[in-house]
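[1] Sequence and predicted structure below; questions after.
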Amino acid sequence: MKVSVIKIGGNIIDNPAELEQFLTDFSKIEGYKVLVHGGGKSATKMAQSIGLVPQMIDGRRITDAPMLDVVVMIYAGQINKHIVAQLQAKDNNAIGFSGADGNLIQSTKRNHPTIDYGFVGDVKQVNTKLLATLLEAGVVPVFCAITHDKNGQLLNTNADTIASELSIALSEVFDVTLTYCFEKQGVLMDSEDDSSVITEINEALYNKLKEEKVIHSGMIPKLDNCFNSLSRGVQKIKIGHHRMLQNSDIQHTTITL
Ligand SMILES: Nc1ncnc2c1ncn2[C@@H]1O[C@H](COP(=O)(O)OP(=O)(O)O)[C@@H](O)[C@H]1O
Ligand SMILES: CC(=O)N[C@@H](CCC(=O)OP(=O)(O)O)C(=O)O
């Protein structure tokens, strides 16, 4: 059996017209599917509006107690419930989840020797059995970027990592295709030129382009997640613009080991 795991980032979520188009395309995907959403941009705006100062290190948000409240409200509340309602309107039987719900994603608080990330979690285990049961019951799970430590503490976890870890776990049971959708056409030779798509990238090319600074910022953790997922059983990974979901002519990047 096949499963499509799709991740969308803050730039789609922040644009209502793009989000609506994405959800229309997503709702038409046949078979088992899982949606993972970020929302970093909205969380940053909300945090600033109440006087908090957002800080990211290596693609991870420093999450103190007030920031944790903001990300739980924005990711597990506002964004997740809007997406679920929109998918229900499109006749997809979506249910929204954080990692705490059904103990679906348990994580451990990040323990870094020099940086205090605060309430940030690294995924420890996925409740694959419950997730498979939900898929087999016709549910479309919609995950936000909040996990828990099973001791009552919610933790903020990078959404790309959640998509990757769910895909790895589901690979024990299904053939998984993981698709990262964002605002660009794929991994680009020039990150400002959408016509410069690299159609296939392996780890050797990635390392070379990272060194040459062709690949930088948020694309680095995204691709690190991709190679980790491929080496741990995920069948296929694509990165590109969400229009590729319903139009196979749209250029995108395929990741290979
Ligand atoms: N070579 C590249 N090709 C495409 N994007 C790149 C590249 N190098 C860096 N980037 C940056 O990576 C960003 C995507 O990472 P991120 O912001 O984490 O995505 P998401 O919106 O999915 O959370 C792009 O907006 C782009 O600015
Ligand atoms: C720990 C950590 O960094 N969590 C992320 C979760 C959201 C996210 O990943 O959103 P995008 O996919 O839109 O970037 C954050 O708070 O920004």
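    Arrived safely. Ligands and ions are numbered 1, 2, ... in the order given.
[2] count of residues packed around Thr182?
    Thr isn't right for residue 182; it's Phe. 21 (other CB atoms under 10 Å). Quick note: C-beta positions are derived from backbone N, CA and C, even for glycine.
[3] quick one: contacts for it?
    Neighbour list for Phe182: 8-9, 11-12, 239-241 [criterion: CB atoms under 8 Å, 6 or more residues apart in numbering].
[4] my guess is Ile12 meets His242, correct?
    Yes - judged on CB atoms under 8 Å, Ile12 makes contact with His242 at a distance of 6.3 Å.
[5] which residues are common contacts for the two?
    Joint contacts of Ile12 and His242 (CB under 8 Å, 6+ apart) are 18, 22, 181.
[6] So which of these sit within strands?
    Among the shared contacts of Ile12 and His242, DSSP state E puts Cys181 in strands.
[7] from the shared contacts of Ile12 and His242, which would you call buried?
    Neighbour-count burial (16 or more other CB atoms under 10 Å) applied to the shared contacts of Ile12 and His242 gives 18, 22, 181.
[8] Would you map the strands across the protein?
    2-8, 32-37, 56-57, 60-61, 94-97, 105-109, 121-126, 140-143, 146-148, 154-156, 175-182, 200-201, 236-241, 253-255.
[9] Can you tell me the strand partners of the third one and which way each runs?
    Just to be clear, that refers to strand 56-57. strand 60-61 (antiparallel) (DSSP bridges).
[10] gap between the strand it pairs with and the chain center?
    Relative to the chain's own centre, strand 60-61 is displaced by 14 Å; criterion: CA atoms, centre = their mean, to the nearest Å.
[11] so does that strand get close to ligand 1?
    No - on the criterion CB under 6 Å from any ligand atom, strand 60-61 is out of touch with ligand 1, staying 10.7 Å away.
[12] Got a quick ChimeraX command for the buried subset of the contacts of Phe182?
    In ChimeraX, a selection of the buried entries from the contacts of Phe182 looks like this (16+ other CB under 10 Å):
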select :8,9,12,239,240,241
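[13] ok, now how distant is Ile255 from ligand 1?
    For Ile255, the distance to ligand 1 equals 13 Å [CB to the nearest ligand atom, to the nearest Å].
[14] Equivalent analysis for Pro54, please.
    From Pro54 to ligand 1 the distance is 14 Å (CB to the nearest ligand atom).
[15] One more: Glu136?
    For Glu136, the distance to ligand 1 - CB to the nearest ligand atom - is 29 Å.
[16] Can you get me a residue count around that residue?
    Burial of Glu136 is recorded as 11 neighbouring residues (other CB under 10 Å).
[17] Near ligand 2, which residues of this protein? Just list them.
    Applying CB under 6 Å from any ligand atom, one finds that the chain approaches ligand 2 through 9-10, 38-40, 43, 60-61, 71, 120, 145, 156-159.
[18] go again using 5 Å as the cut-off
    9-10, 38, 40, 60-61, 120, 145, 156, 158-159 (CB under 5 Å from any ligand atom).
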